[in-house]
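Chemist: sequence and predicted structure are below.
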Amino acid sequence: MKVEELASELFVGCPRYLTQERFAELTGLKEQQQMLTRWIDEGILPTRRFGRHRLINMQVLLQRLDQAKGTQG
């Protein structure tokens, strides 16, 4: 699965920041934790640090998904 294949509808009403675990639950990728960690480490999933916690920045991700949709068609 590619990040661009994630449907932004999955995240309607979600908070601005999600833990990797919650993101995995919402996307159905609970069994793909290594892939999510790789996406985070490579900067594919935008994150923000709060102290020792690294959270997925949903606002930036949704902007990227919308841009990807706009360039596809």
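Modeler: Received it, and whenever you're ready, just let me know what you need.
Chemist: flag the shaky bits of this protein, pLDDT-wise.
Modeler: 1-5, 8, 10-13, 72-73 (pLDDT under 70).
Chemist: find the residue at the geometric middle of this structure.
Modeler: Relative to the mean C-alpha position of the chain, the nearest C-alpha, by Cα atoms, centre = their mean, is the one of Leu45, at 5.1 Å.
Chemist: that one touches Arg64, doesn't it?
Modeler: No. Counting by Cβ atoms under 8 Å, Leu45 does not reach Arg64; the two are 9.3 Å apart. In short, each C-beta sits where N, CA and C put it, glycine included.
Chemist: what about Thr19, distance to Leu55?
Modeler: 6 Å (Cβ to Cβ, to the nearest Å).
Chemist: neighbour count for the two, which is higher?
Modeler: Set Thr19 next to Leu55 and count neighbours by other Cβ atoms under 10 Å: Leu55 wins out with 19 against 12.
Chemist: list the contacts of the more buried one.
Modeler: 17-19, 47-49 (Cβ atoms under 8 Å, 6 or more residues apart in numbering).
Chemist: if you rank the residues you listed by neighbours, which is first?
Modeler: Busiest of the contacts of Leu55 [other Cβ under 10 Å] is Leu18, holding 21 neighbours.
Chemist: isn't it right next to Ala24, touching?
Modeler: No. Leu18 lies out of contact with Ala24 (Cβ under 8 Å); the separation is 9.2 Å.
Chemist: list the helices and strands the longest helix anywhere in the chain packs on?
Modeler: Counting by DSSP state H, the longest helix found in the chain is helix 58-72. Packing partners of helix 58-72 (3 or more Cβ pairs under 8 Å, 6 or more residues apart in numbering; DSSP states H and E): none among the helices and strands.
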